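Visitor: here is my input; please provide its structure:
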Amino acid sequence: MIALLLAQTIAITGGTVFPVSGPKLERATVLIRDGTIVAVGPAVAVPPDAVRVDATGKWVTPGFIDGGGQMGLVEIGAVPGTREAALQGDTIAAAFNVAEGINPASTLIPVTRIEGITTALAVPSGNLISGQAVLIDLAGATIEEMLVKSPAGMVVDFSESGKAEAGGSRAAVAERLRRVFRDALEYERRKADFGRAQMRPLSASAADLEALLPVLHGEEPLLAYANRRSDIETALRLAREFRLRLIVAGAQEGWEVAGELAAARVPVLVEPLDNIPSYDALGVRYENAALLARAGVTVALMETDTHNARNLRQQAGNAVAYGLPWEAALRAVTLAPAEIFGVAERYGSLAPGKVANVVVWSGDPFEFTTAVEHVFIRGAEIPLRSRQTELFERYRTLPPNY
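Guide: Have a look, this model is predicted:
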């Protein structure tokens, strides 16, 4: 577990810097002070008391942001005692916020951050309305130190698994959501009557209806998991009806409705490594991210397998291989998710005033052979050590006759 120590000045010098919000800079310096980036450029004056990190011949990028998964909420998937992401027995769990279920000491966090991922979305699961996702930095001894934004979005399942929660039909998903949204607005208008039990029974608890109000007022996004084209269209339809700020996650058939998503200004979170059809997404294809971006959709990438969140950069590399421009892929794991989750004023690019989440790579981060050289989270350098590296060192040399 890393306690963040920020009272220092660090100069990352001589590298090829990719600010994301601007063109790449050759032989440039990123100057960090007290956890914040204070200067970026080829002519930055380095204070004499700064700790220098020589990045000559290296690539320097913002830390990657993973827009999916359950980091800190699961340790061993087969062991219920290590799973904290689902509220059991409640199909509408809007008031459920996963933040206090996060384990800052999770062994998956070091495994992930030493691969260049510095921020992640922790997502609830298991219900029609699963609850509130939170955005966390992958360093800190307490939940408070880790939290970037809470809540970051209300999670709703429009996919194949969601229909089971609604009674077995996709039509029931839409009907149930409309009913609970309307009940939340009715509850808001008649709270006094509700408190006196002078109105009809509503379709969710008062706490859940209250939690939905920021979504229905456009203050919090609705994060809709939907893969099939018809499910994406249902999410778009509900967003129009209730004027919701919609984010679509999964979107495996998103390329089929790219024009509609772009016209509605709905961003998507996708996994470009997926190419195996299912009844939930018969039209899945590797070119999905490229086709969406070409249509004008804001695209961010995610890795939903929490135990392999480090594969986010492979997702990006695969997207590039199938047509997404390299610069767009870098944006899709940095500034785009920061914009989607409303933290771009602090995260996602290398610019003065931004949180100093910075990674130094040996080369192109989307190449298999590239290694992480340095990771900084909120200006503190993170040791490149995890349970996996420690096991590797322990058994690098086996005893005789082993």
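
Visitor: check what contacts the helix or strand bottoming out on mean pLDDT in the chain and list those residues.
Guide: Lowest by mean pLDDT, DSSP states H and E among the helices and strands of the chain is helix 191-195, with a mean of 83. Contact partners of helix 191-195, identified using CB atoms under 8 Å, 6 or more residues apart in numbering, comprise 187, 199, 202, 206. For every residue, glycine as well, the C-beta is placed using N, CA and C.

Visitor: outline the domain layout of this structure.
Guide: 1-63+348-402, 66-342 (automatic domain parsing).

Visitor: still on that earlier bit, tell me which of the contacts of helix 191-195 fall in strands.
Guide: Using DSSP state E, no member of those falls within strands.

Visitor: closest to Leu87 among the residues you listed?
Guide: Ala206 (16.0 Å; CB to CB).

Visitor: re earlier: run the chain-centre distance for the least confident helix or strand of the chain.
Guide: Here helix 191-195 is found 37 Å from its chain centre; the criterion is CA atoms, centre = their mean, to the nearest Å.

Visitor: now it: buried residues?
Guide: Phe194 (16 or more other CB atoms under 10 Å).

Visitor: hey, which of the domains of the chain is tucked in deepest?
Guide: Of the domains of the chain, the one with the most neighbours on average (mean count of other CB atoms under 10 Å) is domain 66-342, at a mean of 20.

Visitor: on that earlier part again, how about the contacts of helix 191-195, which pair is most distant?
Guide: Met199 and Ala206 (11.5 Å).

Visitor: which per-residue confidence value corresponds to the closest residue to Gly283 other than its chain neighbours?
Guide: Nearest non-adjacent residue to Gly283, counting by CB to CB, 6 or more residues apart in numbering: Glu253, 4.2 Å away. pLDDT, Glu253: 97.

Visitor: got it, and Ala7?
Guide: Looking at Ala7, its pLDDT is 55.

Visitor: do Val44 as well
Guide: At Val44, pLDDT is 96.

Visitor: can you give me the distance of it to Thr29?
Guide: 4 Å (CB to CB, to the nearest Å).

Visitor: anything in contact with each of these two?
Guide: Common neighbours of Val44 and Thr29 are listed as Ala11 (criterion: CB under 8 Å, 6+ apart).

Visitor: all helices in the stretch 1-150 of the chain, in order from the N-terminus.
Guide: Remark: helices assigned in the stretch 1-150 of the chain by DSSP state H, counting those that start in this stretch are 108-113, 143-146.

Visitor: turn those into TSV, columns for distance to Arg33 and mean pLDDT.
Guide: What follows is the helices of the stretch 1-150 of the chain, written out as TSV (distance: least, CB to CB, whole Å; pLDDT from 0 to 100):
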stretch	distance to Arg33	mean pLDDT
helix 108-113	22	96
helix 143-146	19	97
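
Visitor: so what pairs up with Ala249 in the strands?
Guide: Beta-bridge partners recorded for Ala249 (DSSP bridges): Tyr225, Leu269.

Visitor: list the contacts of it.
Guide: Applying CB under 8 Å, 6+ apart, the residues near Ala249 are 67-68, 223-226, 268-269, 302.

Visitor: let's see it at 6 Å
Guide: Contact analysis of Ala249 by CB atoms under 6 Å, 6 or more residues apart in numbering lists 223, 225, 269.
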